[in-house]
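[1] Okay, predicted coordinates and the sequence, questions at the end:
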Amino acid sequence: MVAILQSLGIGIDFQEIEGDRKAESMGRPHVAQAMVRKGYVNTTNEAYVKYLRKGAPAFVPKKSVLPWEVIDLVNTCGGISVWTHPEREALSSHIELLCSHGLHGVEAFNPKLKLVDTELLLQATRKHHLLVTGGSDWHGLETDKPLGNFSIDSEKIKPFFDLYQRLKEEHSSPEPR
């Protein structure tokens with residue numbers, strides 16, 4: 001992506017994008033921020049529209065990974081696999097397969113969901129004995145959506161945190177010798 005931008009006359013390099021985030025995963029949002037800092041665009045949205053979105057000259061598609069491969073990897077690493085932002089059609093056609101691969105939970109609460117969709121997701125979690133999660137869907141770059149404007153009743157997601165605590169304790173306890 002950086003090489004393509006450079007060929008288009010956008011003089012940014014990887015170090016300018018990376019900044020102090022050496023351990024963080026880099027992506028389009030970080031490239032867009034660097035373009036704003038350097039004055040090539042006025043907003044991150046403009047960077048996406050002109051250069052970074054699908055169909056734009058510097059768009060680079062993400063590598064596709066099958067959902068069950070991700071679930072297997074997360075579970076193998078001791079994590080909690082959660083399906084975020086499932087769409088209605090995808091939920092009904094893929095939930096059985098993903099559960100058979102060890103899916104732990106589904107995101108049923110976020111500010112973009114309509115009440116009817118949240119209820120559908122909650123029904124699926126009950127039917128398949130899945131954990132319920134939620135989130136603000138705030139990625140740190142949106143200035144029009146301040147962090148903290150969305151909350152979830154902690155009792156609804158308590159089983160998720162209970163599992164998290166159990167996994168954390170298992171991971172930190174010493175192995176028998």
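    Looks like it arrived, so ask away.
[2] Helix or strand next in line after the helix or strand hosting Ala47, which one?
    Secondary structure from DSSP states H and E places Ala47 in helix 44-47. On the C-terminal side of helix 44-47, the closest following helix or strand by DSSP H and E is helix 67-76.
[3] what does the average pLDDT come to for the helix or strand following that following helix?
    Proceeding C-terminally, helix 67-76 gives way to strand 82-83 as the next helix or strand, assigned by DSSP H and E. What strand 82-83 shows for mean pLDDT is 94.
[4] State the mean pLDDT of the following helix or strand past strand 82-83.
    Note on strand 82-83: by DSSP H and E, the next helix or strand toward the C-terminus is helix 88-100. In this model, helix 88-100 has an average pLDDT of 92.
[5] ok, now stretch 7-18?
    If you average the pLDDT over stretch 7-18, you get 89.
[6] one step back: in the helix holding Ala47, what's buried?
    Thr44, Ala47 (16 or more other C-beta atoms under 10 Å). In short, each C-beta sits where N, CA and C put it, glycine included.
[7] chain center to that helix, what's the gap?
    Its chain's C-alpha centre and that of helix 44-47 lie 20 Å apart, by C-alpha atoms, centre = their mean, to the nearest Å.
[8] And Val132, its phi and psi?
    phi -110, psi 130 (degrees, to the nearest 10).
[9] pLDDT below threshold where in the chain?
    The model of the chain has pLDDT under 70 over residues 20-25, 138-148, 172-177.
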